[in-house]
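*Asks:* Return a 3D structure for these sequence lines:
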Amino acid sequence: IADLESIKKVAEYYPIDGFTTNPKILTKEAGKVEELIPQYRKFAEENDVKVFFQVTAEKAEDMLDQAKKLKAYYGEYLVVKLPAVKEGYKAVRLCKAEGICVCVTVVHSMTQALLAAKAGADFVAPYISHIDNIGADGVTAVEEMVMAFEEHFGVDIPAEDLEQLKTVGDVMSYVESHKA
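*Replies:* Residues are numbered from 1 along each chain as shown. From the prediction side, this is the model:
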């Protein structure tokens, strides 16, 4: 979502932890990007929410450079979105070494989610509609991602605990504290 007015309307009724945008969405927004960026930061600061902002670079080092610039501007409110591709996984490790919160985006499979977690991502963003559009079941794919975390890390996450885990980082912390 790039439309700040829509974000404000949702936040008026429902608690939110953050909002996301991407370059394609930004180009469709009525205002100029230069005007939207400060508005996003102001909203994030005033409401103590995260801004999920996607990089556009294709090489890991360039993704890191963009992430550093975004981090310098948004500070603790930034979650940088990196693509679930080879260079993106490399960039996850580079960003985490710099203390930048990371979301691996456009995740379509359990393997991609597991790679993101192992690389250190704080969040993964499965694209359920994309998964559905290729003829698979997006909800089932997300269930498989959770099961892969459980199996790979040797931990069973009960449903009542799973409801409390909001990020991959939360899942990883849970896994670490419940290993056999």
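
*Asks:* Would you mind stating the distance between the closest residue to Pro23 other than its chain neighbours and Glu143?
*Replies:* The shortest distance from Pro23 to any non-neighbouring residue, by C-beta to C-beta, 6 or more residues apart in numbering, is to Thr56 (5.3 Å). (Each C-beta comes from the backbone N, C-alpha and C, glycine too.) The spacing between Thr56 and Glu143, counted by C-beta to C-beta, to the nearest Å, is 32 Å.

*Asks:* what residues are up against the residue most central in space within the chain?
*Replies:* The residue lying closest to the centre of the chain (C-alpha atoms, centre = their mean) is Cys103, at 2.8 Å. Residues near Cys103 by C-beta atoms under 8 Å, 6 or more residues apart in numbering: 52, 79-82, 121-125.

*Asks:* quick one: the strands in this protein?
*Replies:* 18-20, 50-54, 78-83, 102-107, 123-126 (DSSP state E).

*Asks:* Who are the packing partners of the first one?
*Replies:* Strand 18-20 makes packing contacts with strand 50-54 when contacts are defined by 3 or more C-beta pairs under 8 Å, 6 or more residues apart in numbering; DSSP states H and E.

*Asks:* relative orientation of the strand it packs on and strand 102-107 in degrees?
*Replies:* 60 degrees (axes from the mean of the first three to the mean of the last three C-alpha atoms, to 10 degrees).

*Asks:* Does strand 50-54 pack against any helices or strands, and if so which?
*Replies:* With 3+ C-beta pairs under 8 Å, 6+ apart as the test, strand 50-54 has strand 18-20, helix 33-47, helix 60-74, strand 78-83 packed against it.

*Asks:* gap between the residue lying closest to Val139 once chain neighbours are set aside and Lys71?
*Replies:* Distances taken as C-beta to C-beta, 6+ apart place Ile128 nearest to Val139, at 6.5 Å, with adjacent residues excluded. In this view, Ile128 and Lys71 are 28 Å apart by C-beta to C-beta.

*Asks:* Looking at the two, which is more packed in?
*Replies:* Lys71 (20 against 17; other C-beta atoms under 10 Å).

*Asks:* Surely the more buried one is in contact with Val79?
*Replies:* No. Using C-beta atoms under 8 Å, Lys71 is not in contact with Val79, being 10.0 Å away.

*Asks:* Low-confidence regions, this protein specifically.
*Replies:* Low-confidence segments of the chain (pLDDT under 70): 1-2, 29-31, 166-169, 172, 179-180.

*Asks:* Quick one: residues contacting the closest residue to Ala67 other than its chain neighbours.
*Replies:* Excluding its sequence neighbours, the residue lying closest to Ala67 (C-beta to C-beta, 6+ apart) is Val80, at 4.3 Å. By C-beta under 8 Å, 6+ apart, the contact set of Val80 is 52-55, 66-67, 70-71, 95, 100-103.
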